[in-house]
Structures are given as C-alpha cells and as structure tokens.
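Asker: Model the structure of this input:
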Amino acid sequence: MKITSTVLKISAVILLLFILAEGVYALAVRPWVMRWGATDAEVALKLNGDQHIPPGSVTSTRAVTIHAPVEKVWPWVLQLGQERGGFYSYTFFENTFGAQMVNADHLLPEDKTIKVGDRFSYFGNGPEGTFSTVTEVEPRRLLGVSGWTFYLQPLADNNTRLVVRYFYDHGHTFMGQLIYFGMFEQAHFIMESGMLMGIKRLAESTVN
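Answerer: All right, here's what the predicted structure looks like:
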C-alpha cells in the first residue's frame, strides 16, 4: 500500500506532539512527580534501606503529613502487602491488570508481627518479580522492602510525617528505559500517591 503525503504529515504531527508532551513532562511535571510532597531535607535524607538501591537506579522520595501519632500510623504500614492489608490505593486500577487486590479499610485482626525475610507481594501468588522481601524492620519507625522504604517521623502535636522512597532499576537497556519512562513512572506515581493518601485517611480516622 502506498503511503500518501497526508499520512506522512499526520504521522509527523503526532510524533511532534509526543515529543513536545514528553519535553513538558520532563521539564515541568517530572520534578514534582519524583518528590511529591517531600522537602529538600527529606529528599536528601539517608535511610536504612538505601543500601539496597543499585547505582544508576531511578529513585523517588515522596511524603505526606498525617494528623495522627506514629502509634496510629504504624499498624497501617505494618500490614502493607497483598498477603496482608493491600496497598490502600486504587483497587480498580490494580485489578485491571489482574492483581486480585483487596485493600483493607480496617486493621486486620491477625498477628501484626512482620520480620526480615517475610514475603511482600504485589501480584497475588505470582512468580519471582511479583514479590519482594522485607529487609528492614524498625518498630514504629521504618519498614524496608528490598529498597522500597517507609519511614515514620514523629512531629509536634501528635502528627506524623510518612516518607516513602522507591527505586527502579531499568538495567540501562533501551527496553528497560522505554518501559520505565514510557509507562511505569507515571503509573507508579498515581498508585503510590494514592497509597500515601489512603494511609493518611485511614490513620486519621482512628484518632478520637
């Protein structure tokens, strides 16, 4: 089939719009996305768990202030993971990809102990790549999952600062970078910010 000049022009316009959109995202949106809610000090903060981040990985640091004491926030962090309370984010989007996620809206009655070496799943009982391992546990302070770190900082007036650091190792390959920058980064931001707001909402609801 012969490609007409009209098709070529339309393709060129679409490509140009895509490049412009990517440029706007990279320059204006991405800096905000990668440190959503976090201060300069929190972005620079050294956390137990950073040692698991491979050199050259893309790293984000996001944070939210929760109007509840650490004692009210920690139990929600402790039951993160699909085999526990889920991720308190957008269940519909998670299950669009077959995750079979059930996000708890209450503290589960099960034993709330979690220890280094425990499985931490993202996608049902899937194979390697769909789960991580708990690597750090500092009660009422920090939970580390293979480089995904949840840090609780007590604030005045019984408030808590929840800081979350995440890394993605794209392997410095073209396909890895295409997947990450083309889709994963934006999707992860939506789900992680939703998780932070979910923890905030649930923890604040338990404060009398």
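Asker: all contacts plus neighbour counts: C-alpha atoms, from now on.
Answerer: OK.
Asker: where exactly do the strands run in this structure?
Answerer: Ranges of strands in the chain, per DSSP state E, are 58-66, 119-121, 131-138, 142-145, 148-155, 159-168.
Asker: how about TSV for the ones you listed, with distance to residue 106 and mean neighbour count added?
Answerer: What follows is those, written out as TSV (distance: least, C-alpha to C-alpha, whole Å; neighbours: other C-alpha atoms under 10 Å):
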stretch	distance to residue 106	mean neighbour count
strand 58-66	17	21
strand 119-121	19	19
strand 131-138	22	18
strand 142-145	20	24
strand 148-155	19	20
strand 159-168	19	22
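Asker: would a markdown table of those strands with mean pLDDT and distance to residue 29 be doable?
Answerer: Converted to a markdown table, the strands of the chain look like this (pLDDT from 0 to 100; distance: least, C-alpha to C-alpha, whole Å):
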| stretch | mean pLDDT | distance to residue 29 |
| --- | --- | --- |
| strand 58-66 | 97 | 14 |
| strand 119-121 | 91 | 30 |
| strand 131-138 | 94 | 29 |
| strand 142-145 | 97 | 27 |
| strand 148-155 | 97 | 22 |
| strand 159-168 | 96 | 18 |
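Asker: can you list the ones you listed in TSV and add distance to residue 190?
Answerer: Listed next are those as TSV, based on distance: least, C-alpha to C-alpha, whole Å:
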stretch	distance to residue 190
strand 58-66	12
strand 119-121	19
strand 131-138	20
strand 142-145	20
strand 148-155	16
strand 159-168	13
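Asker: Which one, of those strands, ends up nearest to residue 202?
Answerer: Closest to residue 202 of the strands of the chain is strand 58-66 (C-alpha to C-alpha; 9.8 Å).
Asker: what residues does that closest one touch?
Answerer: The list of residues contacting strand 58-66 from outside it, by C-alpha atoms under 8 Å, 6 or more residues apart in numbering, reads 34-38, 42-43, 73, 159-170, 193, 196-197, 200, 203-204.
Asker: Relative to residue 100, tell me which of the strands of the chain wins on proximity.
Answerer: Of all the strands of the chain, strand 119-121 comes closest under C-alpha to C-alpha, at 11.3 Å.
Asker: Give me the sheet partners of that closest one and which way each runs.
Answerer: Looking at strand 119-121 with DSSP bridges, its partner strands are strand 131-138 (antiparallel).
Asker: between the strands of the chain, which one is nearest to residue 82?
Answerer: Judged by C-alpha to C-alpha, the one of the strands of the chain that comes nearest to residue 82 is strand 119-121, at 5.2 Å.
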